[in-house]
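A.B. asks: Output the structure for:
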Amino acid sequence: MPRDSTPARSAILAAALHTLRRVGLDGFSIAAVAQRAAVAKGLVLYHFGSRRQLLARCGSAIADERARRLAAAQAVGSGAAAADACWEELLSQESDGTARAWLALCSADVIDRSTRHADFEETARAMLLDGCAVAIATGAPLQEVRDAFDTGWLALLDLATRP
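C.D. replies: Here you go, the predicted structure:
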């Protein structure tokens, strides 16, 4: 469960993340979050102020979680092992709704990619992962996405080793 300053705030954030992962932005409402958290709508607004502020906090939580999960995947080794682990992590995020939530928040301008990653290598890596997540989420054939994923990683490795 996400950590936040109070148990109620933490429970509301967990409910908001669950709701966002399951129903996306279209089904995301203060009422749905309050029902999931078993609290009054007023308590959700007390802790987060508005739907937009709650979505922004969800975005921060998902960004942190994705960064942690992808860093763990990349840490399994180098080369093909790391690429395979990242691929498996992307598939996992698609199946648990994390990719859907992340992409919805990015498309709604809740997440500002330009300030999240300042240097080129990090930005390129994030864009590759997000691009693959979009392709998977929209039903592109997995083998085609995997080929693009592998090609992207090879290009990033080539850029990283150039003087």
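
A.B. asks: Residue ranges in the protein under the pLDDT threshold?
C.D. replies: 1-5, 112-121, 123, 156-163 (pLDDT under 70).

A.B. asks: From the centroid of this protein, which residue is nearest?
C.D. replies: Residue closest to the average C-alpha location in the chain (Cα atoms, centre = their mean): residue 102, at 3.9 Å.

A.B. asks: what about the closest residue to it other than its chain neighbours, which helix or strand?
C.D. replies: Distance criterion Cβ to Cβ, 6 or more residues apart in numbering; nearest residue to residue 102, sequence neighbours excluded, is residue 62 at 5.3 Å. From N, CA and C alone the C-beta is placed, and that goes for glycine too. Remark: residue 62 resides in helix 51-74, with elements defined by DSSP states H and E.

A.B. asks: just to revisit the earlier point, residues contacting the residue nearest to the centre of the chain?
C.D. replies: 62, 63, 66, 93, 111, 130, 133 (Cβ atoms under 8 Å, 6 or more residues apart in numbering).

A.B. asks: export those to a markdown table and tack on distance to residue 15 and neighbour count?
C.D. replies: Output for the contacts of residue 102, formatted as a markdown table (distance: Cβ to Cβ, whole Å; neighbours: other Cβ atoms under 10 Å):
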| residue | distance to residue 15 | neighbour count |
| --- | --- | --- |
| 62 | 14 | 24 |
| 63 | 19 | 17 |
| 66 | 19 | 21 |
| 93 | 20 | 25 |
| 111 | 20 | 21 |
| 130 | 25 | 18 |
| 133 | 23 | 22 |
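
A.B. asks: which is the next helix or strand following the helix holding residue 62?
C.D. replies: According to DSSP H and E, the helix or strand after helix 51-74 is helix 80-96.

A.B. asks: That next one vs helix 51-74, what angle?
C.D. replies: 150 degrees (axes from the mean of the first three to the mean of the last three Cα atoms, to 10 degrees).

A.B. asks: ok, which stretches of this protein are helices?
C.D. replies: 7-23, 30-37, 41-48, 51-74, 80-96, 98-107, 113-116, 120-137, 142-161 (DSSP state H).

A.B. asks: Show me what the first one is packed up against.
C.D. replies: Under the contact criterion of 3 or more Cβ pairs under 8 Å, 6 or more residues apart in numbering; DSSP states H and E, the helices and strands touching helix 7-23 comprise helix 30-37, helix 41-48, helix 51-74, helix 98-107.
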